[in-house]
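S.K.: Give me a 3D structure for the following:
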Amino acid sequence: MSRARRWEKIERPFVAKELMMSDYIASIGLEVHVQLKTRSKMFCACPAHDESEPNTAVCPGCLGMPGTLPVINREAIRKTVKVGLMIGSKINRRSTFDRKNYFYPDVSKNVQITQAAAPLCVGGGIEIDVGGQKKFIRVNHIHQEEDVAKSLHMEHSTWIDFNRAGMALMELVTEPDMASPDEAVAFLVALKEMLVYAGISDCNLELGHVRCDVNSSVRPVGSEQLGVKTELKNMNTFKGIHRALEYEIERQMETLRAGGTVVQETRRWDDPTGQTLPMRTKESAHDYRYFHEPDLPPIVLDDATIEGWRAELPELPAAKRARFMADYGLPEYDAGVLTADRAIADYFEAVAKKSGQFKASSNWVMGELLRALGEQGETIAAAKITPDALAALIALVEAQTISHSAAKEVFQELFENGGDPEALVKEKGLAQVSDTGMIDQLAEQAIAANPKVAEDYRAGKEAALKFLMGQVMKLSRGAANPQLATEALRRKLQ
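M.R.: Below is the predicted model of the structure:
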């Protein structure tokens, strides 16, 4: 993943300081729904993927037919508990499922199996960094539930695809600790990186793998009591969340400044008009008439199981960034780019260890590799150049066997077709000429063919030397050692 996707690049950044300087302070809490990376759905054996034709990956169970019984997906439980372990949650040794009752076309059985009374994970949090300022965002709990169907709204009708019904979901609920759109998006980016690193979810926003209900309120500066909150429902893009919060927070502030009252309600974000619109009065927990799910036993976890899952956790992005800076001497920017994607981080580390050239490895991965991947719209798995081959190419450049421009040509060939760098250099005749006698002859030819340029250099025009260097490289077909060629030119021009 390129750094261009990180939250800092969102248009119209909203700075937390601007809110604090006003007469009101914002408080933001998130309810993040994440589709887990499992082979089957939460309570049945239907396949859990997005490629099926509408309403084909379904069974009587996920359609809520009478007489069907749910069966718990152990892998979904494992993945949710691992998220709790990563963020420092307390893992409940005994958790239970409940029924959440509500009537809507995308809920086939008019109840959703979820957790209310005893969720899997309680507490914990994630540290974010906004403009160099670190802040710890507390998590209230993480619970397990099933997804609902997907509604497709047409001009005069609504179509329902039940393939998504019953997918394994993890819902992470934060405390209202965020004070700006920047902080909310920074939290989501940090969470997304963590989930992808650990293989918890693909977090594909376009496919709806991450959806977010955004709660926000404002209160006067100096007040400790939270204001009346509104909820923005089913947000699925970080940029959309940022824009929606900008609008909604300002709307609430202007309402209070005008002497009005903020209504507790659910609103939706209308992206074309850039405003939030009311949907319905906000429900309370008792509106859903939660009660214990009678068809599922409690989830009982022992210490050995939890510790076994803890042992499977990867090194997390923040820890990896710190280690790359400490072990490889990388600047913070490089470490951030390289660790944004786990596969890229692993690739860089393999190149760095093999070549011993840490900054050069970073430059090649961040520059040529990410450029080529971006042009192809591919992941690192599509690159045919192995870490060993890139390390060998870096070694050829460091030894001045080939020029940097020649190395880029070799890299492109390796990226597309693979192969051995040294063999390609010999095959294409790209080896750099370091024979001082030959380079002296080339320098003399360049000067003799361009006497006016030579006189310009002697008159103090440094740019003339660059032109002559270009002539030497042209005569050598790009093979002359640039450093030796520069020395030869200076010596002969003096």
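S.K.: Show me where the stretch 1-150 of the chain dips below the pLDDT cut-off.
M.R.: Scanning the stretch 1-150 of the chain for pLDDT under 70 picks out 1-21.
S.K.: can you map out the strands along it?
M.R.: 24-35, 90-91, 94-95, 98-101, 111-114, 121-122, 125-130, 133-146, 150-153 (DSSP state E, counting those that start in this stretch).
S.K.: Show me the one of these that comes nearest S201.
M.R.: strand 24-35 (5.0 Å; Cβ to Cβ). C-beta: built from backbone N, CA, C; applies to glycine.
S.K.: Could I get the strands of the stretch 1-150 of the chain in TSV, plus columns for distance to R251 and mean neighbour count?
M.R.: TSV is the format used below for the strands of the stretch 1-150 of the chain (distance: least, Cβ to Cβ, whole Å; neighbours: other Cβ atoms under 10 Å):
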stretch	distance to R251	mean neighbour count
strand 24-35	11	22
strand 90-91	37	16
strand 94-95	38	16
strand 98-101	29	19
strand 111-114	30	20
strand 121-122	33	22
strand 125-130	23	19
strand 133-146	24	19
strand 150-153	24	12
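S.K.: can you put those strands in CSV and add distance to G308?
M.R.: Shown next, in CSV, are the strands of the stretch 1-150 of the chain (distance: least, Cβ to Cβ, whole Å):
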stretch, distance to G308
strand 24-35, 22
strand 90-91, 12
strand 94-95, 18
strand 98-101, 27
strand 111-114, 26
strand 121-122, 17
strand 125-130, 24
strand 133-146, 19
strand 150-153, 35
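S.K.: and P278, which of those is closest to it?
M.R.: strand 150-153 (17.5 Å).
S.K.: Run through the neighbouring helices and strands of that closest one.
M.R.: strand 158-161 (3 or more Cβ pairs under 8 Å, 6 or more residues apart in numbering; DSSP states H and E).
S.K.: any idea how far the strand it packs on is from the chain center?
M.R.: Here strand 158-161 is found 30 Å from its chain centre; the criterion is Cα atoms, centre = their mean, to the nearest Å.
S.K.: Could you check the angle the lengthiest helix in the chain makes with strand 24-35?
M.R.: With secondary structure taken from DSSP state H, the chain has its longest helix at helix 238-257. Calculated by axes from the mean of the first three to the mean of the last three Cα atoms, to 10 degrees, helix 238-257 forms an angle of 150 degrees with strand 24-35.
S.K.: Give the buried residues for helix 238-257.
M.R.: If you call a residue buried by 16 or more other Cβ atoms under 10 Å, then helix 238-257 has these buried ones: 238, 240-253, 256.
S.K.: After that helix, which helix or strand is next? Please name it.
M.R.: strand 265-270 (DSSP states H and E).
S.K.: Now do the contacts for the nearest residue to W159 once chain neighbours are set aside.
M.R.: Ranked by Cβ to Cβ, 6 or more residues apart in numbering and with sequence neighbours excluded, the top spatial neighbour of W159 is L152, at 4.3 Å. Shown in contact with L152 (Cβ atoms under 8 Å, 6 or more residues apart in numbering): 158-161.
S.K.: again, 7 Å this time
M.R.: The neighbourhood of L152, defined by Cβ atoms under 7 Å, 6 or more residues apart in numbering, consists of 158-159, 161.
S.K.: now do A311
M.R.: A311 neighbours (Cβ under 7 Å, 6+ apart): none.
S.K.: switch to 10 Å and redo it
M.R.: L85 (Cβ atoms under 10 Å, 6 or more residues apart in numbering).
S.K.: got a pLDDT number for it?
M.R.: The model reports A311 with a pLDDT of 96.
S.K.: ok, now the one 5 residues further on?
M.R.: If you check L316, the pLDDT there is 92.
S.K.: And it, how close does it get to I200?
M.R.: 12 Å (Cβ to Cβ, to the nearest Å).
S.K.: likewise S27?
M.R.: On the measure of Cβ to Cβ, S27 and I200 end up 28 Å apart.
S.K.: now swap in L245 and tell me
M.R.: When L245 is compared with I200 (using Cβ to Cβ), they lie 25 Å apart.
S.K.: Same check on C44?
M.R.: 21 Å.
S.K.: now swap in K192 and tell me
M.R.: For K192 relative to I200 (Cβ to Cβ), the value is 10 Å.
S.K.: how close does R219 sit to P176?
M.R.: R219 is 10 Å from P176, by Cβ to Cβ.
S.K.: just S40 next, same as before
M.R.: S40 is 35 Å from P176, by Cβ to Cβ.
S.K.: And K426, which helix or strand is it part of?
M.R.: helix 421-428.
S.K.: List the contacts of N417.
M.R.: 384-385, 424.
S.K.: So which of those residues is surrounded by the most neighbours?
M.R.: I385 (25 neighbours; other Cβ atoms under 10 Å).
S.K.: Give the helix, strand or coil label for that residue.
M.R.: coil (DSSP: H, G, I helix; E, B strand; the rest coil).
S.K.: Look up phi and psi at it.
M.R.: phi -80, psi 120 (degrees, to the nearest 10).
S.K.: Excluding residues flanking it in the chain, which one is nearest it?
M.R.: Of all residues not flanking I385 in the chain, L414 sits nearest, at 4.0 Å (Cβ to Cβ, 6+ apart).
S.K.: likewise E413?
M.R.: L424 (5.8 Å).
S.K.: where's that neighbour relative to L369, distance?
M.R.: 17 Å.
S.K.: rewinding a little: which residues are in contact with both of R219 and P176?
M.R.: 26-27, 226-227.
S.K.: Return the closest of the residues you listed with respect to L489.
M.R.: For the shared contacts of R219 and P176, the nearest to L489 is A26 (62.6 Å; Cβ to Cβ).
S.K.: can I assume that closest one is in contact with E250?
M.R.: Yes. Using Cβ atoms under 10 Å, A26 makes contact with E250 at a distance of 9.5 Å.
S.K.: Report the beta-bridge partners for the nearest residue to I241 once chain neighbours are set aside.
M.R.: The shortest distance from I241 to any residue other than its chain neighbours is 4.8 Å, reached at M235 (Cβ to Cβ, 6+ apart). Counting by DSSP bridges, M235 is bridged to C212.
S.K.: Tell me who's in contact with M235.
M.R.: Counting by Cβ under 10 Å, 6+ apart, M235 has contacts 30, 32, 184, 188, 210-214, 241-245, 268-269.
S.K.: same thing but 8 Å
M.R.: 211-214, 241, 244, 269.
S.K.: Let me have those in CSV, adding distance to V148 and pLDDT as columns.
M.R.: Below are these laid out as CSV (distance: Cβ to Cβ, whole Å; pLDDT from 0 to 100):
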residue, distance to V148, pLDDT
R211, 11, 95
C212, 15, 96
D213, 13, 96
V214, 19, 97
I241, 21, 97
A244, 22, 97
W269, 19, 94
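S.K.: In those residues, find the pair that's most separated.
M.R.: R211 and A244 (13.3 Å).
S.K.: and the residue positioned nearest the centre of the chain, how far is that from D420?
M.R.: Nearest to the mean C-alpha position of the chain, counting by Cα atoms, centre = their mean, stands E193 at 4.8 Å. With distances taken as Cβ to Cβ, E193 is found 35 Å from D420.
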